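In: Give me coordinates for this.
(2 chains)
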There are 2 protein chains.
Amino acid sequence: MHSNDKENTARVSRRDLLRTTAAAAFAGVASGAPAETGSGKSVIGMNFQPSEKPRMGLIGCGQRGTGVLGEFLATDGVQVNAVCDLVRDHALEAQAKVERAGQKPPAVYADSETAFEKMLQRDDLDFAYIATPWHWHVPQALAAMKNGKHAFVEVPAATTLEDCWKLVDTSEATRRHCIMLENCCYGENELMVLNMVRDGLFGDLLYGEGAYLHDLRYRLLSEEKSEGLWRRFPHMKRNGNLYPMHGLGPVANYMGVNRGDRFDYMVSMSTPERGLDAWREAHVPKDSPKWKEKYICGDLNSSMIKTANGLMITLQHDVVNPHPYDRINLIAGVKGIFRDYPPRIYLDGDKPEEWQSIDKYKAKYEHPLWKKEGENARKMGGHGGMDFLMAYRMVECMRNGLVPDMDVYDAAAWSAPGPLSEESVSKGSAPVKFPDFTRGRWKEKRGWLA
Amino acid sequence: MHSNDKENTARVSRRDLLRTTAAAAFAGVASGAPAETGSGKSVIGMNFQPSEKPRMGLIGCGQRGTGVLGEFLATDGVQVNAVCDLVRDHALEAQAKVERAGQKPPAVYADSETAFEKMLQRDDLDFAYIATPWHWHVPQALAAMKNGKHAFVEVPAATTLEDCWKLVDTSEATRRHCIMLENCCYGENELMVLNMVRDGLFGDLLYGEGAYLHDLRYRLLSEEKSEGLWRRFPHMKRNGNLYPMHGLGPVANYMGVNRGDRFDYMVSMSTPERGLDAWREAHVPKDSPKWKEKYICGDLNSSMIKTANGLMITLQHDVVNPHPYDRINLIAGVKGIFRDYPPRIYLDGDKPEEWQSIDKYKAKYEHPLWKKEGENARKMGGHGGMDFLMAYRMVECMRNGLVPDMDVYDAAAWSAPGPLSEESVSKGSAPVKFPDFTRGRWKEKRGWLA
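Out: Numbering: from 1, shown residues only, chains lettered A, B, ... in the order given. Sure, this is the predicted structure:
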């Protein structure tokens, strides 16, 4: 037991955890098998135990991991005790970054794909931030929780429904949060629009749109490092929306999904695959092993999601064609509509047929988080400041013992359109049902991101 | 027989027509029953018989009918011999409009819902332009063709699949064209983009988007004339995309639908109904009979269409919420993308992440029709000039004995998403197949709108 454990009632011994996990497994809900109903005790509303300086372990010290590490350090609210990467040099770079921030050098775990397991056995970590390639998110998040650590995991949290359930079951069994760090939920516009929605500016909501339209062709096929090493592979195995959460998370928040509504079913359709083939033809040397690869993911995938309350969300994904960056970020109701890229608004009674600037709404609807920390966020600048805001808010929740804004049910629901879109596409756009990861508790209204 | 008949070999006697129709009916294809294969002889590629001054009869002298009448008169290429409206005053206004254009006063048919039948028995009409409420389009188009007249019908041509088939079967049996006057196909941007597509500017095409987002709440619920008298009623009977063709026609042209590709299947989803209820609550006196009405059409309907070649089209419809007018008019391929409202373009190699103006492309890609008649079109101004361009082009095709740019297969295919979206929505967004109205001939490439 770590000496600090007395300060934090939530820090349980590994023996306690094994007991909890075993009990849940016996009841059949922690096995990872899909279970629409089960005896898993919900983590909805579960607060963090307050902790003056939450202790962090970083798994994945690549571009994203060290970037967000910087944001966490900038909050001056976390103590980084360990860093882990398959590549020792990356881990050492992260270690140096922590030292430069004035902290003692964190322990380094490296050189092996399973180094993270050893790191997670430490008793001086409250949470693990997981910024590894997609296929590592679930095993590492599960390991973190099973070792008594909260798992803060990069996007997408999971890429199969079975894995979504594993995250849910394990979070419930271990009483540890599994939070997908969907940074877009902390964007300046997104939080402002959330305030507008809550103020009733758009009236009863009807539909939203989200997207991930981001030309990654160079990164996927021509970059010989970072995402270039692995992010292409899902395009060889899956045909659907590979990256639904950036567009979906903010819209889900506008609609109060898992807080009075939930995703019910969806349909999905893909275009043929062309973009990666064309880029390879134009840019990849003919003797590259990449010429042996076969890409099967349709360039544009488009999906429509129906919520239990009847609302509708459309989602698009395209990372292999020329298109200006666009997450759409649209919300519409009976009284008006907001659409991003660039941000614009149209309300009943506005000058007919003309989108309006959002400038005049900014003062009234700026989110308290941005009012308080916007200057620091803009100074840090990661993804327009949303990365800092997200790190700041996570730390705030942990330090003050709050319920986090996002939980494992959101991680599962916002990741699920990945596999569900694949299933629908493979069945000729047939509708497919969302599992109810909350086991019925989506009906409860609750406050969050206030 | 009219004395002019000798000039035009296509003018057949009613007796000939009855024979043709009867023969086709016997073969089971003119009955109106859906028939994926049949013995109907295709009208694909069927040219008009040249006629120096095609003779027009107008059915429906309301706002739209008299508007487009003005466009036809402005071409100075048609002779208007008869006008028809249930309301005599409207018919008389149309008659006066023809006189003001220097033609002899056309015969007036009025006072009865079946006056059009008498008008269509005249022997001095080459085509009927039908601009009546939606539910009259099919019976009037059928009557026109059965009486040896080409039917130029307003949008949507039909609202059921059975009626789509009736139009196809009757056009084939009577050898008369049934053309849905989809004016948006003649828009300046639409024709420019068609030229861009044909020049390969966007590379292999992948997807398109179209929409009809037009706030008609005042017109539907507060206007006590014109469309206010009837356009609300479909909202009480149907839940789907009530008006698919303005968004769909131009995109179908970009993709060469029915000219090498065809619509294969679609899925559709609607939001709840809210907009008309809210408008009524705010604006309609409590003693109005409109308070007895029940609206069932979901405010926003969104659909995804898959083509036989694998391309994808998304379609939206919303006429009962605040939204700036938008038909989207998007086409995207491997090399770039165009999106309208306002028009913008992004091509591989452009300044990254920034939409570009279309200005520098205008000179090169302006469509020959707009080059030739753009000035007149802009002067007339109907829907930005597209109404004049459409009338001009119809007259040009008739006078020169050309094959029209659009035929009954387009009318059927572009109208079909109406009933198909209803079916999909009613089945929880299940995929529904498009009939192949061309009976297999969609595979033939052909030139049009050149």
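
In: Give me the phi and psi for the nearest residue to residue A:303 once chain neighbours are set aside.
Out: Leaving aside its sequence neighbours, residue A:303 sits nearest to residue A:268 (C-beta to C-beta, 6 or more residues apart in numbering or on different chains; 4.0 Å). Backbone N, C-alpha and C define where each C-beta goes, glycine included. The phi/psi pair for residue A:268 (degrees, to the nearest 10) reads phi -150, psi 150.

In: I figured residue A:268 hits residue A:424, correct?
Out: Yes: with contacts counted by C-beta atoms under 8 Å, residue A:268 reaches residue A:424, the gap being 3.9 Å.

In: Find residues that contact each of the two.
Out: Residues touching both residue A:268 and residue A:424 (C-beta atoms under 8 Å, 6 or more residues apart in numbering or on different chains): A:240, A:303, A:432.

In: Filter the residues you listed down to the ones in strands?
Out: Among these, DSSP state E puts A:303, A:432 in strands.

In: So how do I select the buried members of the shared contacts of residue A:268 and residue A:424 in ChimeraX?
Out: Per 16 or more other C-beta atoms under 10 Å in any protein chain shown, the buried members of the shared contacts of residue A:268 and residue A:424 correspond to this ChimeraX selection:
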select /A:240,303,432
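
In: so who does the closest residue to residue A:385 other than its chain neighbours touch?
Out: Spatial nearest neighbour of residue A:385, chain neighbours left out: residue A:377 (3.2 Å); criterion: C-beta to C-beta, 6+ apart. Residues near residue A:377 by C-beta under 8 Å, 6+ apart: A:188, A:370, A:385-386, A:388-389, A:392.

In: Spit out the contact partners of the closest residue to residue A:323 other than its chain neighbours.
Out: In space, and not counting its chain neighbours, residue A:323 is closest to residue A:213: 4.7 Å by C-beta to C-beta, 6+ apart. For residue A:213, the contacting residues are A:316-319, A:323-328, by C-beta under 8 Å, 6+ apart.

In: Kindly report the same for residue A:357.
Out: For residue A:357, the contacting residues are A:344-345, by C-beta under 8 Å, 6+ apart.

In: Next: residue A:243.
Out: Residue A:243 makes contact with A:155-156, A:212, A:317, A:319, A:418 under the criterion C-beta under 8 Å, 6+ apart.

In: Next, it: phi, psi?
Out: As for residue A:243, its main-chain torsions (degrees, to the nearest 10) stand at phi -150, psi 70.

In: ok so, going back, so residue A:268 and residue A:424 - more neighbours on which side?
Out: Using other C-beta atoms under 10 Å in any protein chain shown as the criterion, residue A:268 and residue A:424 rank with residue A:268 on top: 31 against 28.

In: how much space between the residue nearest to residue A:323 and residue B:300?
Out: As judged by C-beta to C-beta, to the nearest Å, residue A:213 and residue B:300 stand 21 Å apart.

In: got it, and residue A:375?
Out: 38 Å.

In: Counting neighbours around each, name which of the two comes out higher.
Out: Neighbour comparison, residue A:375 and residue B:300: the larger count goes to residue B:300, with 26 against 11 (by other C-beta under 10 Å).

In: my guess is that one contacts residue A:330, does it?
Out: No: Residue B:300 is not in contact with residue A:330 according to C-beta under 8 Å; the separation is 10.9 Å.

In: Now the common contact residues for these two.
Out: Listed as contacting both residue B:300 and residue A:330 by C-beta under 8 Å, 6+ apart are residue A:207.

In: so what pLDDT did the residue nearest to residue A:323 get?
Out: At residue A:213, the model reports a pLDDT of 98.

In: And it, its phi and psi?
Out: Per degrees, to the nearest 10, the backbone of residue A:213 is at phi -110, psi 100.

In: who's it bridged to?
Out: Residues in a beta bridge with residue A:213, per DSSP bridges, are residue A:318, residue A:326.

In: Where do the strands of the stretch 301-450 of chain A begin and end?
Out: Taking DSSP state E, counting those that start in this stretch, the strands of the stretch 301-450 of chain A run over residues A:301-307, A:312-318, A:330-333, A:336-339, A:344-347, A:432-433.

In: And the second one, what's buried?
Out: When you say that, I think you mean strand A:312-318. A:312-318.

In: by contact count, what packs against it?
Out: For strand A:312-318, the elements it packs on are strand A:205-213, helix A:245-255, strand A:301-307, judged by 3 or more C-beta pairs under 8 Å, 6 or more residues apart in numbering or on different chains; DSSP states H and E.

In: do the same with the first one
Out: Applying 3+ C-beta pairs under 8 Å, 6+ apart, one finds that strand A:301-307 contacts strand A:263-270, strand A:312-318, helix A:417-426, strand B:263-270, strand B:301-307.

In: Pull out the buried positions in stretch A:406-414.
Out: In terms of neighbour count (16+ other C-beta under 10 Å), stretch A:406-414 has its buried residues at A:406-414.

In: which stretches of chain A aren't confidently modelled?
Out: Along chain A, the model assigns pLDDT under 70 to residues A:1-39.

In: Surely residue A:176 is in a helix?
Out: No: Residue A:176: not assigned to a helix; according to DSSP: H, G, I helix; E, B strand; the rest coil it is coil.

In: Let me know the helix or strand that the residue lying closest to it once chain neighbours are set aside is in.
Out: Spatial nearest neighbour of residue A:176, excluding adjacent residues (C-beta to C-beta, 6+ apart): residue A:145 at 4.2 Å. Using DSSP states H and E, the element containing residue A:145 is helix A:137-146.

In: cool, and residue A:242?
Out: Secondary structure from DSSP H and E places residue A:242 outside every helix and strand.

In: In the contacts of residue A:243, which residue is surrounded by the most others?
Out: Counting by other C-beta under 10 Å, top hit in the contacts of residue A:243: residue A:317 with 29 neighbours.

In: so how far is residue A:234 from that residue?
Out: As judged by C-beta to C-beta, residue A:317 and residue A:234 stand 11 Å apart.

In: Residue A:302 now?
Out: Residue A:302 sits 18 Å away from residue A:234, taking C-beta to C-beta as the criterion.

In: next one: residue A:195
Out: Distance of residue A:195 to residue A:234, computed by C-beta to C-beta: 35 Å.

In: Looking at those two, which is more packed in?
Out: Between residue A:195 and residue A:234, residue A:234 has the larger neighbour count (other C-beta under 10 Å), namely 22 against 18.

In: quick one: contacts for the more buried one?
Out: A:134, A:159, A:242, A:297.

In: Also residue A:263?
Out: So residue A:263 contacts A:252, A:257, A:305-308, A:313, A:413, A:416-417, A:434 (C-beta under 8 Å, 6+ apart).
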